[in-house]
Structures are given as C-alpha cells and as structure tokens.
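J.: Sequence below, structure please.
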Amino acid sequence: MSPSSPRQAPVPPWKNLLGALSLLVAALIWTSGLVNSLSRPSVAPSLNLQQQEVQLLAEPALPDTLGSVLRGGENPRTILKGSLEQIPAADRSWRQTQLLDLLQNEVATVPEIDAADDPLLDRLLCEARGGASGDCINPAVARSAAVRLSVSALLPLITAVTGTALLLGQGWRLWRGRRESWPDLKGPTLTLLDMALLVAGGFVVISAVGVPLLVLPLVSRLTAGLDSPRREAVGVVINYSVMALPSLLILRRQLASLPKDITPEGGWLQWRWRPLSGAFFTALAGWCKVTPIVVLTGWLLVRLFGDPGGSNPLLELVLDSRDPLALSLLALTAVVLAPLFEEVIFRGTLLPVLARRTGSVTGVVLSGLLFGVAHISIGELAPLTVLGIGLALVRLSSGRLFPCVLMHALWNAVTFVNLLLL
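T.: Okay, the predicted model is just below:
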C-alpha cells in the first residue's frame with residue numbers, strides 16, 4: 001500500500017453534500033439505465049444467424065469431421081432454416097424472407113435479384129434456378145468462410161482450454177502452499193468521498209448526463225455531412241473522448257492535491273511500463289484465465305434466465321458495419337480509448353482506495369461490480385463483473401496498471417475480431 005495514510009484535513013460541508021448528491025443521482029441513473037437496457041435488443045440472435053450463414057457457406061470447404069464438430073452434427077441448411085422460421089414474419093428483413101423462401105423451396109418463380117454482393121443468396125438462387133450444386137459453389141468464398149468459421153470457433157475454445165489449465169495449475173500451487181507473494185498495492189491516498197466525486201460525480205453524472213447535453217448537438221452538426229455508418233462511428237469516438245474528460249480532470253486535480261513527498265516510486269497510478277515483455281505476458285495469462293470463467297458465467301445466465309438482452313449498442317454497430325473507416329474508428333474506441341480510460345478509473349484509482357478502506361477481497365469485488373454496472377447493460381452485468389474482478393486481480397498480482405490496460409485491450413480486440421469474422 002501507499003507509504004502514508006490518507007489525508008486527514010477537515011472536509012468542507014459542501015463537499016460532503018456534493019458527494020452524497022452525486023451518489024444518489026448516479027444510483028438513479030445506473031438503476032434506470034439497467035432497467036431500460038432490458039428493452040434493448042440482444043446481439044445474440046444476429047450473431048447466431050451470421051454464424052449459421054457462415055457455416056452454410058463454409059460447408060463445401062470443411063473436412064467432414066471438422067464441419068460436423070463446428071455445427072454440432074446437424075445440417076447447416078436445416079439449422080439456418082429453423083432459425084429463420086423462428087423469426088416472426090413481420091420482423092424478418094427482405095433478405096431473411098428471400099433466404100427462407102429459397103431454403104424452403106417455396107419459390108414458385110425464381111425472383112430476379114442482383115445478389116452479386118451476397119454470396120449466400122447468390123448460391124441459393126443459382127441452385128433454385130436449376131444449377132448443379134457444385135457449379136453454384138464459389139470455392140474462394142467457401143475457403144474464406146471456412147477460415148473465418150474455424151478462427152471464430154477455435155480461438156475461444158483454445159483460449160478457454162489454456163485458461164482452464166492455467167487456473168488448475170494455480171489452484172494446485174495454492175493447495176500445495178506455493179502461493180506467489182504479491183507486491184504491496186500502491187495507489188492514491190484518496191478518500192471514499194474523493195471516489196464518490198470521481199466515479200459518481202465525474203464518471204456518471206457529468207459525463208453521462210451533462211456532457212451529452214452539450215456535445216450531442218455539436219456532434220450532430222459535425223457529422224451531418226457523413227453517411228451512415230461513418231456518422232455513427234465518428235459520433236462514438238467524439239462522445240467517448242469528451243465523456244472521459246470530466247473524470248480525468250477531476251482525477252488530475254485530486255492527484256495534484258496530494259503531498260509530493262509521499263508519491264510512491266512509479267507514481268500514484270503505478271503504470272510501470274517496463275519491462276514490456278512482462279506486461280504482455282501478464283496480460284495474456286490474465287486474459288486466458290478469465291475467459292473460461294466469463295464464458296461459464298454467461299452460459300449459466302442464459303441457461304437460468306434466458307437471454308436478457310441489453311447488449312452494448314457498439315456491438316450492433318460493429319456487426320452491421322462494412323465500412324473500413326467506420327470500423328477503424330470503432331476499433332480505436334474499443335481497443336484503445338476504453339481500456340485506457342476505464343483502467344485509470346477502476347484499477348488505477350478506485351481499486352487501491354477501496355482495498356485500503358475495506359480490504360483486498362472486498363475491494364476487488366466492489367471495483368469489479370462497479371465496473372460491470374458502469375456499462376449499463378443488464379445482460380452483460382454478470383460477465384463484465386467477472387472480467388472486472390479478473391482485471392483487479394491482475395492489478396494486485398503484478399503491482400502494475402499497464403498489464404491491466406493490455407489485458408482489457410486484448411479482451412475488446414478479440415471480441416471485435418470475432419464480430420468482424422462473422
């Protein structure tokens with residue numbers, strides 16, 4: 001921990017009042033946001049449909065054994081047809097209706113459709129017009145789909161297996177009494193009131209309410225000349241960047257008020273960039289370990305309660321976008337801006353303060369829970385809380401903030417790539 005105890009200066013009454021109001025308003029915002037997220041659609045159905053389409057496209061290029069494993073032994077046409085049939089007719093898109101008609105062989109006359117940019121629709125139309133199955137298959141498209149499907153399915157599997165092995169090894173060492181000693185947790189000697197002002201006041205109230213009211217009209221003007229999805233992508237980058245500013249400015253002022261003579265080696269946030277190789281290895285190991293637990297948490301949630309919906313809107317933007325510039329801007333937000341900002345707040349500042357005040361275990365759980373709640377998605381609350389706990393444990397075990405940023409960026413990058421593959 002820090003070499004000095006927290007400041008004991010008298011606290012002005014207005015500051016206590018401001019902290020209490022910030023907590024109250026933040027609680028109302030988060031509660032309302034979580035409830036409202038139930039009405040947001042989940043990306044899971046779209047992801048499942050995309051994966052089933054890729055399975056059908058990849059079928060000719062996959063070895064029988066691998067193809068059977070990836071699709072669970074069922075015929076990909078049957079799987080896709082069944083999923084499309086479950087969508088109410090009124091909710092099906094024009095393309096989904098065409099695909100279902102072709103899969104059901106219910107097309108009296110083959111429609112005249114330009115499907116040059118839609119490999120699956122083009123293949124099914126070719127077959128409906130009497131073309132031989134082999135002649136309707138584009139080998140290059142099939143090979144590309146097979147690679148995409150294999151990577152999107154096998155990467156999570158390999159990561160989960162590796163992570164499980166690492167967790168079992170760590171559990172064995174703990175059981176044998178060979179637990180590695182962790183460094184002292186160093187961090188800002190701020191108070192819980194400071195955290196209320198930083199997280200509730202800056203991160204939630206000002207950033208989530210005040211800034212959008214001022215920035216959204218400006219963003220609308222700046223992006224008025226852009227077409228979708230670039231308009232939405234530029235808006236995401238600007239909004240996220242501006243929303244991060246209040247919290248960072250508050251934190252900068254709070255850190256500047258701390259006595260300079262007690263600043264720990266490496267600074268209050270303990271970035272400790274070097275050695276880079278150690279940071280990357282720690283991040284990679286942490287990502288592997290947390291993956292099976294997050295996956296298991298999400299699976300149990302769906303099994304017990306069904307898909308609650310409320311997915312992050314950014315996922316839908318990535319899934320629906322085909323524009324390289326838009327995807328690059330969304331990747332910048334997800335893989336660079338979000339990990340940097342969120343790790344500074346949650347693992348760089350909040351975790352050390354909570355751990356000092358409540359103990360390491362409680363601090364890890366509370367910081368992880370607040371991290372999950374801050375994403376305002378009821379469907380992702382439990383998995384993101386587990387991810388937050390994993391990031392907090394990396395911060396504790398390494399004594400560094402940089403590996404947490406790398407692990408967070410790696411998690412978002414793999415999620416982003418999987419969406420692109422589908």
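J.: switch to C-alpha atoms for all contacts and neighbour counts from now on
T.: OK.
J.: For residue 349, list the residues it contacts.
T.: 187-188, 269 (C-alpha atoms under 8 Å, 6 or more residues apart in numbering).
J.: would you turn those residues into a markdown table with neighbour count?
T.: Formatted as a markdown table, the contacts of residue 349 follow (neighbours: other C-alpha atoms under 10 Å):
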| residue | neighbour count |
| --- | --- |
| 187 | 25 |
| 188 | 26 |
| 269 | 22 |
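J.: In strands, which of these fall?
T.: Among these, DSSP state E puts none in strands.
J.: Now distance to residue 14 and pLDDT too, for these, in a markdown table please.
T.: As requested, those are exported to a markdown table (distance: C-alpha to C-alpha, whole Å; pLDDT from 0 to 100):
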| residue | distance to residue 14 | pLDDT |
| --- | --- | --- |
| 187 | 26 | 91 |
| 188 | 23 | 93 |
| 269 | 28 | 94 |
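J.: Could you tell me the per-residue confidence at residue 99?
T.: On the pLDDT scale, residue 99 is placed at 85.
J.: re earlier: can you list which of the contacts of residue 349 are found in helices?
T.: Cross-referencing those against helices under DSSP state H gives no overlap.
J.: Closest one of those to residue 342?
T.: residue 269 (12.7 Å; C-alpha to C-alpha).
J.: Which residue, other than its chain neighbours, is closest to the closest one?
T.: Nearest residue to residue 269 in three dimensions, chain neighbours excluded: residue 348, at 5.1 Å (C-alpha to C-alpha, 6 or more residues apart in numbering).
J.: wait, residue 77 sits on residue 102?
T.: No - contact between residue 77 and residue 102 fails when scored by C-alpha atoms under 8 Å: they sit 10.5 Å apart.
J.: shared neighbours of those two, anything?
T.: By C-alpha under 8 Å, 6+ apart, residue 77 and residue 102 have no common neighbours.
J.: Report pLDDT for the most centrally placed residue in the chain.
T.: For the chain, the residue nearest the mean C-alpha position is residue 412 (5.1 Å; C-alpha atoms, centre = their mean). Per-residue pLDDT puts residue 412 at 94.
J.: domains for this structure, by residue range?
T.: The record's domain parsing of the chain by automatic domain parsing lists 44-152, 181-421.
J.: Among those, which comes closest to residue 160?
T.: Residue 160 sits nearest to domain 181-421 of all the domains of the chain, at 4.7 Å, using C-alpha to C-alpha.
J.: That closest one spans what distance, first to last residue?
T.: End-to-end distance of domain 181-421 (C-alpha to C-alpha, to the nearest Å): 41 Å.
J.: do the same with stretch 87-95
T.: Per C-alpha to C-alpha, stretch 87-95 runs 13 Å from first to last residue.
J.: so what's residue 368 up against?
T.: 384-389, 392.
J.: just checking, which of those residues belong to helices?
T.: 384-389, 392.
J.: for the residues you listed, which one is nearest residue 45?
T.: Nearest to residue 45 among those is residue 384, at 19.9 Å by C-alpha to C-alpha.
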